[in-house]
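**Q** I would like the atomic coordinates for the input below:
(4 chains)
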There are 2 protein chains.
Amino acid sequence: MVQGTPANLKTSTPIVAFLSAIVCKRLQKIFMNQPPNRPRKKTQAVTIVDVARESGVSYSTVSRVLSGFEHVSDDAREKVLAAADRLGYVVNVQARSLAGGRSKVVGVLVPALDNGYILEVARGIDEELNKEGYSLMLYTTHQHAGKETQFVNTVANGLCDGLLLVVPIVPDHYLAALQDRMFPYILVDQYDATHKSNTVYATNWQGAYDATTHLISLGHRRIGIITGRMDLASGVERLEGYKAAIADHNIPLDDDLIYSGDFFQPTGYTGGHHLLGLPTPPTAIFASNDLMAFGVLQAAGERGVRVPDDVSVIGFDDIPHSVMVHPRLTTIHQPLDQMGRVSVRMLLDLIEQPDKPPRNLTLATRLILRESTSAPRMMSPEGVKQTHNS
Amino acid sequence: MVQGTPANLKTSTPIVAFLSAIVCKRLQKIFMNQPPNRPRKKTQAVTIVDVARESGVSYSTVSRVLSGFEHVSDDAREKVLAAADRLGYVVNVQARSLAGGRSKVVGVLVPALDNGYILEVARGIDEELNKEGYSLMLYTTHQHAGKETQFVNTVANGLCDGLLLVVPIVPDHYLAALQDRMFPYILVDQYDATHKSNTVYATNWQGAYDATTHLISLGHRRIGIITGRMDLASGVERLEGYKAAIADHNIPLDDDLIYSGDFFQPTGYTGGHHLLGLPTPPTAIFASNDLMAFGVLQAAGERGVRVPDDVSVIGFDDIPHSVMVHPRLTTIHQPLDQMGRVSVRMLLDLIEQPDKPPRNLTLATRLILRESTSAPRMMSPEGVKQTHNS
DNA sequence: ACTTCACTTGCAAGCGTTTGCAGATAACCT
DNA sequence: AGGTTATCTGCAAACGCTTGCAAGTGAAGT
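**A** As a prediction, the model looks like this:
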């Protein structure tokens, strides 16, 4: 055995002398089996060659045992697994992936690490990924501002087997590039109008409809809304759900009660102040997500408006904080971690069978009753009707 | 040009006919330059060979230009860069790392994705990493329960250039394995008594001392503490800081006021109930982190004990939520994201110079005054001394 | 007993890099 | 001018793996 090299030219030795008379120096060197001094890697990891030697089979058999168990005798498999275990062998992902195998890494693209929403989804993703023995590569988009193409190339070239896009807006050419390369990806919490992508989505319209209906059924008639971003499907749909519920209960739509927000706390805060400062303020406010609902709570607190006594507040998402505010927030639960889990499952499916037709999965939201909503004052048992507006 | 292979045996063609008469079939095949049908990869990415062809230099020159600019003429460099740009070349990380280069990936090991603390640190890490063009591989430890060695091997073998350990407890053999392999790593928010590791830490003792002193200076004398995990240095040090402050102000230490928690909300909650239910309850409570402080707030709310009127509460960490609870939490700010940033910087340093002696960096905490602390009732202007305990 | 066939195994090539070595060229001394 | 040195460039090997191909093996079919 020579130096653990694949011993490719072993058979040639007998003819070296003969050849050397004829062929050029370079060719000869190919035949001479003396490696130059090349002790580069310090961490001499155990490779399949070691496992092969240890178990007495060839390295290809080892490879076959270790990745996909195809056409290997039980005997060989057993020996290999034992040897691998004994040696503490760990596959070198990079080599495997270079050679055309799976890297068992999936990329997760998120806008930023700045709120609990991402964390929840990521948690689901992480858990499901771990179950399947995959690793998670986290990319934040701000990293790639302006060079998205580079990014797509990096990912598709790179070590990820698939990509989870948890970003609100994905530029079209992103998707185009991914589709082009047949690279498996899933849009998480996004709707793809073109139906070319696999998506996991939630019932945003229905959730908003339920939230609004809840408020109406409590007796509210003047219901404000703080919208999300209107360039996001979820933002639009939540507004539409609100409008539909209002209309279905024959309440006239009042544009003054619609404040346009952006899914972040500050606009919830200003929106809260705006709505509560109206000549005839709403008795209930539907914030298109919890973060903005927190802003409303804050604004209400500052104005001495009590929740839910003076104004009911309902959110959307049910992020962990919503039980930590006072009063605890009534909200629409969005199964964020489940969303993460489901997307992982879809992605792994897709990695196995890349040409499956795209599916669009929609998960159900549900109303979570807590203490931030109640019947409006004028309808409460005490009937203190005039206190506020007279 | 034949098929883009490295054209290694081009020169041999003239002698093939001659050789074929003598050498065995296998050898002959080596010389024939007809590749078998091997169109495996579908994503025909652009490689350095393409760039080389495009720019008219050899692929090694391209490689040299692209990684570390050593010994390349300006002319060549320019041509290569232009060609790479034109072709949209993106380095294949796996190949580079296989061949011995840097992968520009660092691994981040966290216990789980279940609280804002991690998120904050991760945010700092992410931002700093992006600045340097590194990618982030996220590992959660629950994945590796019981097979830590495997994990260490995977990472060290694998594609990470370095490792950030944001886990509360790192098994010794973990560290030993990493040290063994000379693998660059940093302990984040941990103290290494052996001084063999690079660490980034915060002034836990001082922070606790400050928190307690703050309460004392407000007039509190009966101050409860809910401790963190006692198997964590930070937990121990915060308790010590508390004790030191008490002693320095000649307040006797009362073991009844020490409730042992675990840094998670539930023990804060039960601890809050416990302390507030004592015959002589404390007038102030120092929770060893914000999460537990939230638990205390909740317990207080349920008991009708008002914060800060009846009891002051102070936390530790200053996670984003601490401004979102009511009342907003007075706490000790721990520069979590800065901690992330600093660790990244240390790690990248270490990657460059692996044999630098270990450094231990400690970042300063500071008191953040909000509304959850005030002077105790018996000292407040109204002097309603007896209301509570009579 | 002799094919035929299915199954198992091994060899070698190649995935896209980096890098030691050695030509080639240019620049510098003497 | 001749020799030496420094600088640049190119070749080929290697990193650890997967996989097509072909050779080997034993069981089944005739």
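
**Q** same for the helix or strand hosting A:Gly124, what does it pack against?
**A** Assigned by DSSP states H and E, A:Gly124 falls within helix A:116-131. With contacts defined as 3 or more CB pairs under 8 Å, 6 or more residues apart in numbering or on different chains; DSSP states H and E, helix A:116-131 has these neighbours: strand A:105-110, strand A:135-140, helix A:336-352, helix B:116-131, strand B:135-140. Backbone N, C-alpha and C define where each C-beta goes, glycine included.

**Q** tell me the most buried of those?
**A** strand A:105-110 (a mean of 24; mean count of other CB atoms under 10 Å in any protein chain shown).

**Q** got the angle for that one vs helix A:336-352?
**A** With axes from the mean of the first three to the mean of the last three CA atoms, to 10 degrees as the basis, strand A:105-110 and helix A:336-352 are set at 140 degrees to each other.

**Q** I'd like to know how far the spatially most central residue of chain A sits from B:Tyr242.
**A** In chain A, the centroid-proximal residue (CA atoms, centre = their mean) is A:Val166; its distance is 4.2 Å. Distance check for A:Val166 against B:Tyr242: by CB to CB, to the nearest Å, it reads 41 Å.

**Q** where does the stretch 251-390 of chain A dip in pLDDT?
**A** Within the stretch 251-390 of chain A, the ranges that satisfy pLDDT under 70 run A:378-390.

**Q** need the strands for it, in chain order.
**A** Counting by DSSP state E, counting those that start in this stretch, the segments of the stretch 251-390 of chain A that form strands are A:258-260, A:284-287, A:312-317, A:330-333, A:360-363, A:366-368.

**Q** okay, those in CSV with mean neighbour count next?
**A** Output for the strands of the stretch 251-390 of chain A, formatted as CSV (neighbours: other CB atoms under 10 Å in any protein chain shown):
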stretch, mean neighbour count
strand A:258-260, 18
strand A:284-287, 32
strand A:312-317, 29
strand A:330-333, 25
strand A:360-363, 14
strand A:366-368, 15
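
**Q** Which one of those lies nearest to B:Asp355?
**A** Nearest to B:Asp355 among these is strand A:312-317; the distance by CB to CB comes to 48.8 Å.

**Q** just the CA coordinates of that closest one, formatted as PDB?
**A** Taking C-alpha atoms only, strand A:312-317 is exported to PDB below (Å, rounded to 0.1, in the frame of the first residue of the first chain):
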ATOM      1  CA  SER A 312     -60.500  46.200  22.900                       C
ATOM      2  CA  VAL A 313     -57.400  45.200  21.100                       C
ATOM      3  CA  ILE A 314     -56.800  42.100  19.100                       C
ATOM      4  CA  GLY A 315     -53.600  41.100  17.300                       C
ATOM      5  CA  PHE A 316     -52.500  38.500  14.800                       C
ATOM      6  CA  ASP A 317     -49.700  35.900  15.000                       C
END
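
**Q** anything in it sitting right up against chain B?
**A** No. Figure legend: strand A:312-317 not in contact with chain B (CB under 8 Å from any CB of the partner chain); closest approach 12.6 Å.

**Q** A:Val49: what secondary structure?
**A** Taken by DSSP: H, G, I helix; E, B strand; the rest coil, the conformation at A:Val49 corresponds to helix.

**Q** List, one by one, the residues from the stretch 51-200 of chain A near DNA strand C.
**A** A:57-61, A:64, A:71-73, A:75-76, A:95, A:98-100 (CB under 7 Å from any atom of the strand).

**Q** For those residues, work out which two are farthest apart.
**A** Maximum distance among those (CB to CB): 30.1 Å, for A:Asp75 and A:Leu98.

**Q** Which pLDDT does the model give the residue nearest to the centre of chain A?
**A** Per-residue confidence for A:Val166 comes out at a pLDDT of 92.

**Q** wait, it sits on A:Val106?
**A** No. In this structure A:Val166 lies outside contact range of A:Val106 using CB atoms under 8 Å: 11.8 Å.

**Q** residue in the stretch 201-350 of chain A nearest to DNA strand C?
**A** The nearest approach of the stretch 201-350 of chain A to DNA strand C comes at A:Leu350, 22.1 Å away (CB to the nearest atom of the strand).

**Q** distance of that residue from A:His195?
**A** From A:Leu350 over to A:His195 (counting by CB to CB), the distance is 15 Å.

**Q** Check A:Asn153 too.
**A** 25 Å.

**Q** who's more crowded, the two?
**A** A:Asn153 (20 against 12; other CB atoms under 10 Å in any protein chain shown).

**Q** Tell me the helix or strand right after the helix or strand containing the more buried one.
**A** Taking DSSP H and E as the criterion, A:Asn153 maps to helix A:148-157. Counting by DSSP H and E, the element after helix A:148-157 in chain order, helix or strand, is strand A:162-165.

**Q** who are the neighbours of that following strand, in terms of helices and strands?
**A** strand A:105-110, strand A:185-188, helix A:336-352.

**Q** between these, which gets nearest to B:Arg345?
**A** strand A:105-110 (23.0 Å).

**Q** Partner strands of that closest one and their direction?
**A** strand A:135-140 (parallel), strand A:162-165 (parallel) (DSSP bridges).

**Q** got the CA positions of the shortest one in PDB?
**A** This file holds the C-alpha atoms of strand A:162-165, laid out as PDB (Å, rounded to 0.1, in the frame of the first residue of the first chain):
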ATOM      1  CA  GLY A 162     -32.400  23.200  -0.700                       C
ATOM      2  CA  LEU A 163     -33.600  26.600   0.400                       C
ATOM      3  CA  LEU A 164     -36.300  27.900   2.700                       C
ATOM      4  CA  LEU A 165     -37.300  31.400   1.900                       C
END
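
**Q** mind listing the helices for chain A?
**A** In chain A, the segments counted as helices under DSSP state H are A:16-20, A:25-31, A:48-55, A:59-66, A:74-87, A:93-98, A:116-131, A:148-157, A:172-180, A:204-217, A:233-248, A:265-276, A:290-303, A:336-352.

**Q** What is the longest one packed up against?
**A** Secondary-structure packing of helix A:336-352 (3+ CB pairs under 8 Å, 6+ apart): helix A:116-131, strand A:162-165, strand A:185-188, strand A:198-202, strand A:360-363.

**Q** Show residues contacting that helix.
**A** With CB atoms under 8 Å, 6 or more residues apart in numbering or on different chains as the test, helix A:336-352 has contacts from A:102, A:106, A:117, A:120-129, A:132, A:134, A:161-164, A:184-186, A:188-189, A:198, A:200, A:202, A:317, A:319, A:356, A:359, A:361, A:363.
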